[in-house]
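> below is the structure, and that's it, no one-letter string:
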């Protein structure tokens, strides 16, 4: 499997720096930037989430992820996956370098009918204006090139470019060594400077931010902001109507990093449960209350029609604001100096 953990056949060991929700160490105070700086730097941050109290509700259990896992577990799907695999040691992130992300953003814009249609309309309007002012011949000579260029880029990025990437994802998807590392409690990600930033998981504050998309709809992101440097990384993004799902993303990520808790019970991590000490002990004691191959043998039709909708209903109805933030007892002035 592409990007698989080269130590996936050995039991994990936890470092002293690993995150343990039952023993979060005292940390230094957070510098209070003041109201103006908060408004300037954190204007899009609308809510800070709490630490170390869990709902035990997993989000990465969609019917598609369950079906994909079953196909790979049974050997029916032998295709290599692009990028590194999520294992009991590491949840990988930042598969694509910034320069490739910029190219993909441009390609997405050029492949979009509405965006290209808008610029085509502007080009055509300019062509008509030129024909009226300078004559039809000059307008044809000089005013048709923008429309030809737009049409060419639209067709290229919508068809051959997409075809090439679908068949050669490793061309831009690489293991950059970034991610969330459970055994060490560290987080590593790429910054906009194309540099790698690394810090302990407990030094990040989770925020929900809002973003207005080019076409108008609002989306929400779960972002981790390093409280002592300001560097931040995105964990998940959802449509405005699905904001509550970000609470489940944070809940699941914390439990993944928390070595006092078993691994989240999701399809992607089922093959590794026996290799994580806390999880192996938890399962051996019968606390999982599921067979070892639960996700591999799951009735997918039932899960899609009943199980998954019921899981999402639990996420939507859970009183997330009732979970007390334990990090406020570790960082003295967190509530006063946080960005939101």
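That came through fine. Here the structure is a predicted model, which means the values were calculated and not measured.

> which residues in the protein form helices?
35-41, 63-74, 98-111, 113-134, 136-143, 145-158, 160-167, 245-257, 277-284, 300-302, 308-317, 334-337 (DSSP state H).

> most packed of these?
Most buried of the helices of the chain, by mean neighbour count (mean count of other CB atoms under 10 Å): helix 245-257, with a mean of 23. C-betas here are computed from N, CA, C, even on glycine.

> please enumerate the strands of the stretch 151-300 of the chain.
For the stretch 151-300 of the chain, the strands defined by DSSP state E, counting those that start in this stretch occupy 179-181, 186-190, 196-200, 204-212, 218-226, 232-239.

> hang on, the earlier thing: please convert the helices of the chain to CSV, extending it with mean pLDDT and distance to residue 221.
Shown next, in CSV, are the helices of the chain (pLDDT from 0 to 100; distance: least, CB to CB, whole Å):
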stretch, mean pLDDT, distance to residue 221
helix 35-41, 60, 15
helix 63-74, 89, 20
helix 98-111, 70, 15
helix 113-134, 81, 22
helix 136-143, 72, 41
helix 145-158, 83, 25
helix 160-167, 73, 24
helix 245-257, 98, 8
helix 277-284, 97, 29
helix 300-302, 96, 30
helix 308-317, 97, 17
helix 334-337, 88, 21
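
> quick one: closest of those to residue 200.
Closest approach to residue 200 among those (CB to CB): helix 245-257, 10.1 Å.

> so how far is the closest one from its chain's centroid?
11 Å (CA atoms, centre = their mean, to the nearest Å).

> what are the contacting residues of that helix?
For helix 245-257, contacts defined as CB atoms under 8 Å, 6 or more residues apart in numbering pick out 19, 21, 49, 51-52, 54-60, 91, 180, 182, 185, 201, 206, 208, 220-222, 235-236, 238, 261-264, 266, 269, 312, 315, 318, 320.

> among the strands of the stretch 151-300 of the chain, which is nearest residue 131?
In terms of CB to CB, the element of these nearest to residue 131 is strand 204-212, at 36.8 Å.

> in that closest one, which residues are buried?
204-209 (16 or more other CB atoms under 10 Å).

> how about stretch 288-295?
Judged by neighbour count using 16+ other CB under 10 Å, the buried positions of stretch 288-295 are residue 295.

> begin at 720 from now on, thanks
Taking 720 as the first residue, the last one we looked at is stretch 1007-1014.

> could you point out where the stretch 920-1059 of the chain is predicted with low confidence?
932-935 (pLDDT under 70).

> quick one: buried ones out of the contacts of helix 964-976?
Buried members of those, counted by 16+ other CB under 10 Å: 738, 740, 768, 770-771, 774, 776-779, 810, 899, 901, 904, 920, 925, 927, 939-941, 954-955, 957, 980-983, 985, 988, 1031, 1034, 1037, 1039.

> nearest spatial neighbour of residue 743, skipping sequence neighbours?
Closest residue to residue 743 apart from its sequence neighbours, by CB to CB, 6 or more residues apart in numbering: residue 1049 at 4.7 Å.
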